[in-house]
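Novice: here is my input, please return the structure:
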Amino acid sequence: MAVGLALALAWAAAAQPPSSDPAGPLLRLHAGLLAQAATGWPPERAAVARLVADSFDLAFIARAVLGARAASASEAQQQRLAAVLGRRMMRELMRRKPAGEDDLKILGVRAIDGEWLVASSVVTPRGEAAVLHWRVRALPQGLRIVDAMRDGASAVITMRQDVAEALRRQTLDEVIDAIERRDTESAP
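Specialist: Numbering: from 1, shown residues only. Reported below is the predicted structural model:
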């Protein structure tokens, strides 16, 4: 749940940045959401799915959530978890129509161990301001978001802890099923 909530807060400035800008994934995401909002809300699910795929490294996030368990998870299980996480992000992003360019401000960018930490001020789905930090990494297809942190808590680490706890009682497929069910039940 923390992953979806944190990632749902991705409202950035509307300009299309160059692909080398570590804030680029946030800026592209917000520009895409603003474009969708201009044609009506809620947006087409397929359009939001493309925005999520272009902004986040879902495969990396799924492996990070699995932690050490990723080595024993099948490719199909990893892909399924990535798809579930992507749908969760889509649903969270669709919870609130972006109001405008001021919904998010980039506060700063810092390079850390070959990745970047992008600090931002965002307007949450409840209309409150929050500071989020985004971990961004380079892929062959461009820069992608791999984690979001709020109040020092990593969305990926929080979900990894939740999944690890669930794996003590269930198989990985059962855990993914449970995440899917929970997300379907809480869908707006």
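Novice: lowest average confidence, helix or strand, in the protein?
Specialist: In the chain, the helix or strand scored least confidently by mean pLDDT, DSSP states H and E is helix 2-8, which has a mean of 37.
Novice: the residue nearest to Gln36 when sequence neighbours are not counted: which element?
Specialist: In space, and not counting its chain neighbours, Gln36 is closest to Pro43: 3.5 Å by C-beta to C-beta, 6 or more residues apart in numbering. No exception for glycine: its C-beta is placed from N, CA and C like everyone else's. Using DSSP states H and E, no element contains Pro43; it sits outside every helix and strand.
Novice: quick one: name whatever helix or strand follows the least confident helix or strand of the chain.
Specialist: helix 24-38.
Novice: who does that following helix touch, helix- and strand-wise?
Specialist: Here helix 24-38 touches helix 45-55, strand 104-112, strand 129-139, strand 142-150, going by 3 or more C-beta pairs under 8 Å, 6 or more residues apart in numbering; DSSP states H and E.
Novice: can you put the ones you listed in CSV and add mean neighbour count and distance to Gln79?
Specialist: Output for these, formatted as CSV (neighbours: other C-beta atoms under 10 Å; distance: least, C-beta to C-beta, whole Å):
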stretch, mean neighbour count, distance to Gln79
helix 45-55, 17, 13
strand 104-112, 14, 28
strand 129-139, 18, 16
strand 142-150, 22, 16
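Novice: among the ones you listed, which comes closest to Arg95?
Specialist: Between Arg95 and these, the tightest spacing by C-beta to C-beta is seen for helix 45-55, at 11.1 Å.
Novice: next secondary structure after that closest one?
Specialist: Per DSSP H and E, helix 45-55 leads on to helix 58-66 as the next helix or strand towards the C-terminus.
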